[in-house]
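S.K.: 3D, please:
(one chain, ligands or ions: 1)
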Amino acid sequence: MTPNPALDAGEDPRVAAFEARIAAGESIEPKDWMPERYRKQLIRMMSQHAHSEVVGMLPEGNWITRAPSLRRKMSLIAKVQDEGGHGLYIYCGTETLGVDRQELVEQLLNGTAKYSSIFNYPTLSWADMGVIGWLVDGAAIVNQTILAKTSYGPYARAMIRICKEENFHKRQGYEIVATLAKGTPAQKAMVQDAVNRWWWPSLMMFGPSDTDSPNSGELLRWKVKRKTNDELRQRFVNLTIPQVQAVGLTVPDPDLRYDAATENWLFGPIDWAEFNEVIRGNGPCNKERLAARREAHEAGQWVREAATAYAAKHERRSTEAA
Ligand code: BYC
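M.R.: The predicted structure follows:
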């Protein structure tokens, strides 16, 4: 791929050929020609996604030592490990666009890259582990099942595998929620409190409303996104409210009502001022999360050095043997 931004403006015949491939539903692969802007948008979106998976390990990692049973501890460890794997998998996918992973990690650590707003909220009780698995992974599944049909091949394929694991995460979360919801009054109160705190941030995960989403138009045109932020948010609410009712809980929204005409659960206004503060770095835990990532990165320096030395040794040996 030889990017030529000067020609992306419209006179380059490769642009028309690219647009035709997108229109025909073809998958774009790393060695295919693509407009520079398409490449940049994918790097932005995929790297933010990878960062979200890695930062997403922190709120749940916080509860591994306090899980109430060995079974719960094993599931939580496996889930947190899966999130780390998703991050690495998506960083690899991003590298197919010709960007260096080190550069992306630097952007996360110096605060110039975004990651999902949801991970800037604290995990205050064990019930949060259930509610994160259920609502946060549930929201991720709604978003990522559609991304499995995205036009960039490596990203689409990554999503297929990731969604399978997210389904397990969601089920383990819902099982925790259902168990607490039919437990003692104190357990039910604890899980209701967790739903109250995570409900609105989960809806914010889908991004700003369509009228305020600067990237959506371009991403939809290139079939990177297949549905708008609001469409996916509505789908999540429609899927989730029956689950909330099934376990006898409620969501903190006095305006929630079922609209038979559209078959949608209509919800009240989202606090976009809160969302904007969180994505600007001023959420309850932004500073704590970045500090933890920086510390982990520094502490892992020797591992990266050892892995590089090991790879170099193997390369040398295989060259000598050849
Ligand atoms: N948080 O034009 P818009 C997970 C930013 S991992 C922070 O609508 P776009 C999981 C947006 O980046 C979940 N920032 O953007 C992991 C843009 O800023 P820039 C992560 C947000 O790209 C572990 C600006 O707002 N999932 O689920 O069209 C455990 C304007 O927005 C957020 C993904 O990353 C947000 N919530 O649409 C459990 C999925 N929303 O970059 C679970 C892939 C928006 O212009 N990403 N912004 O400075 C996407 O699907 C899309 O990028 C988004 C945003 C729907 C998130």
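S.K.: quick one: terminal-to-terminal distance for stretch 263-281?
M.R.: The first and final residues of stretch 263-281 sit 37 Å from each other (Cα to Cα, to the nearest Å).
S.K.: So which bits of it are buried?
M.R.: 265, 267, 270, 275, 277, 278, 279 (16 or more other Cβ atoms under 10 Å). Every residue, glycine included, has its C-beta placed from N, CA and C.
S.K.: Skip the chain neighbours and tell me the closest residue to residue 125.
M.R.: Closest residue to residue 125 apart from its sequence neighbours, by Cβ to Cβ, 6 or more residues apart in numbering: residue 190 at 5.3 Å.
S.K.: what's the spacing between that neighbour and residue 137?
M.R.: From residue 190 over to residue 137 the distance is 20 Å, taken as Cβ to Cβ, to the nearest Å.
S.K.: Run through who's touching stretch 162-175.
M.R.: For stretch 162-175, contacts defined as Cβ atoms under 8 Å, 6 or more residues apart in numbering pick out 75-76, 79, 82, 85-86, 89-90, 129-135, 137-138, 140-141, 144-145, 148, 243.
S.K.: how about it against the ligand, any contact?
M.R.: No - Stretch 162-175 stays clear of the ligand (Cβ under 6 Å from any ligand atom), getting no nearer than 6.6 Å.
S.K.: what about residue 256, distance to residue 51?
M.R.: Using Cβ to Cβ, we find residue 256 at a distance of 32 Å from residue 51.
S.K.: can you check residue 252 too?
M.R.: Between residue 252 and residue 51 the computed distance is 29 Å (Cβ to Cβ).
S.K.: which residues does residue 271 contact?
M.R.: Residues in contact with residue 271 (Cβ under 8 Å, 6+ apart) are residue 200.
S.K.: Could you pull up phi and psi at it?
M.R.: For residue 271, the backbone dihedrals (degrees, to the nearest 10) come out as phi -80, psi 90.
S.K.: Among the buried residues of stretch 263-281, which lie within strands?
M.R.: Applying DSSP state E to the buried residues of stretch 263-281, the entries found in strands are residue 265.
S.K.: farthest pair in the buried residues of stretch 263-281?
M.R.: By the measure Cβ to Cβ, 265 and 277 form the most distant pair in the buried residues of stretch 263-281, at 26.7 Å.
S.K.: hang on, the earlier thing: in terms of neighbours, single out the busier of residue 190 and residue 137.
M.R.: Neighbours per residue (other Cβ atoms under 10 Å) separate residue 190 from residue 137, with residue 137 holding more: 27 against 19.
S.K.: Which parts of the stretch 151-300 of the chain are strands?
M.R.: All strands of the stretch 151-300 of the chain, identified by DSSP state E, counting those that start in this stretch, fall at 257-259, 264-266.
S.K.: how about the ones you listed in JSON lines, adding distance to residue 119?
M.R.: Shown next, in JSON lines, are the strands of the stretch 151-300 of the chain (distance: least, Cβ to Cβ, whole Å):
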{"stretch": "strand 257-259", "distance to residue 119": "30"}
{"stretch": "strand 264-266", "distance to residue 119": "25"}
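S.K.: Quick one: closest of those strands to residue 231.
M.R.: That would be strand 264-266 among the strands of the stretch 151-300 of the chain, by Cβ to Cβ, at 10.6 Å.
S.K.: quick one: contacts of that closest one?
M.R.: Contacts with strand 264-266, where a contact means Cβ under 8 Å, 6+ apart, come from 234, 237, 238, 241, 255, 256, 257, 258, 259.
S.K.: Mind doing that once more with 6 Å?
M.R.: Residues from elsewhere that reach strand 264-266 (Cβ atoms under 6 Å, 6 or more residues apart in numbering): 234, 237, 238, 241, 257, 258, 259.
S.K.: The top helix by length along the chain: how far from the chain's middle?
M.R.: Using DSSP state H, we find that the single longest helix of the chain is helix 153-181. Put simply, helix 153-181 sits 12 Å off its chain's centre (Cα atoms, centre = their mean, to the nearest Å).
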